[in-house]
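> After the sequence you'll find the predicted model.
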Amino acid sequence: MDRPRFYADPHNSDEHGRARLTCNGTRRDLAELGIELSEGLKVTLYTDDEGNDDPLLIDATVEFDPESAIWVARYDESTWRHESEERGDSKS
């Protein structure tokens, strides 16, 4: 099964480096996709790559932060890639 993919803002991270899943773009995508967040859900997050039309992607795992009472996503830093790489586009 494919990982759900939705927007996250990497500049909206908590003190543990996890993306807070609270921004408008994230909420919009979750609603459009009909995704209900759950502990341990494996997802792919996307964000804009400033000055580039090729979004950045990263795999992450959803966690609930009881201290802040919000959903967050812990990145797998080794999975940063551009969308074009995932599609197999060749770069010249």
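Nice, thanks for sending it over.
> Quick one, grab the pLDDT at Phe64.
On the pLDDT scale, Phe64 is placed at 98.
> helix or strand right after the longest strand that the chain contains?
Identified as the longest strand of the chain according to DSSP state E is strand 52-65. Downstream of strand 52-65, the first helix or strand assigned by DSSP states H and E is strand 70-75.
> sec struct for the residue positioned nearest the centre of the chain, please.
Nearest residue to the geometric centre of the chain (Cα atoms, centre = their mean): Leu45, 2.0 Å. Three-state assignment for Leu45 (DSSP: H, G, I helix; E, B strand; the rest coil): strand.
> cool, and the one 3 residues further on?
Remark: Asp48 carries the secondary structure label strand [criterion: three-state DSSP].
> That one: neighbouring residues, count only.
Using other Cβ atoms under 10 Å, Asp48 has 14 neighbouring residues. Every C-beta, even on glycine, is put in place using the N, C-alpha and C of the backbone.
> pLDDT value on it, please?
pLDDT, Asp48: 88.
> By mean pLDDT, which helix or strand of the chain comes out lowest?
Least confident element among the helices and strands of the chain, by mean pLDDT, DSSP states H and E: helix 83-87 (a mean of 89).
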